[in-house]
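*Asks:* show me the folded form of this:
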Amino acid sequence: MIKHLRGYSVEDVRVFLITRSSLISEVCEKPELTELAYAIGVLEGADISGTPKEVVQNIKLLVFGEATWGLKKKYLELPMSVQNILEQTDYFDKPFDDIAILNAIENAKKP
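*Replies:* Residues are numbered from 1 along each chain as shown. Model prediction:
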């Protein structure tokens with residue numbers, strides 16, 4: 001796998017690995033995220049204020065905020081050739097250690 005990834009720019013590989021890892025984790029977490037979204041909706045419909053309201057807003061921003069969409073956007077901005085070839089590899093269809101792969105690639109490129 002490492003040898004295959006070395007054929008791409010380090011930046012493209014970094015974006016692919018980090019964003020793909022996040023997207024795959026999101027698929028695994030979908031039932032919990034759905035329950036969390038429902039709970040947030042219920043709490044937002046309730047008459048809460050003060051600290052509980054702040055906690056709900058902070059969780060909402062953390063889990064469903066701009067950072068999450070920013071990762072998806074970066075993934076979609078990758079060259080289609082990179083997305084297509086790497087998505088065809090079964091290895092990236094389940095959770096993987098993106099940091100370990102990045103370290104191996106970056107260490108291999110050092111003189």
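*Asks:* for the chain, which helix is longest?
*Replies:* When the chain is parsed with DSSP state H, its longest helix is helix 10-45.
*Asks:* against which helices or strands is that helix packed?
*Replies:* Counting contacts by 3 or more Cβ pairs under 8 Å, 6 or more residues apart in numbering; DSSP states H and E, helix 10-45 is packed against helix 51-64, helix 66-77, helix 80-87, helix 98-109. Quick note: C-beta positions are derived from backbone N, CA and C, even for glycine.
*Asks:* what residue of this structure is the furthest out?
*Replies:* Outermost residue of the chain with respect to the C-alpha centroid, by Cα atoms, centre = their mean, is residue 47; its distance is 33.1 Å.
*Asks:* how big is the angle separating the longest helix of the chain from helix 80-87?
*Replies:* Taking axes from the mean of the first three to the mean of the last three Cα atoms, to 10 degrees, helix 10-45 and helix 80-87 form an angle of 80 degrees between their directions.
*Asks:* give the buried residues for helix 10-45.
*Replies:* Buried residues in helix 10-45, defined by neighbour count with 16 or more other Cβ atoms under 10 Å: 12-22, 24, 40, 43.
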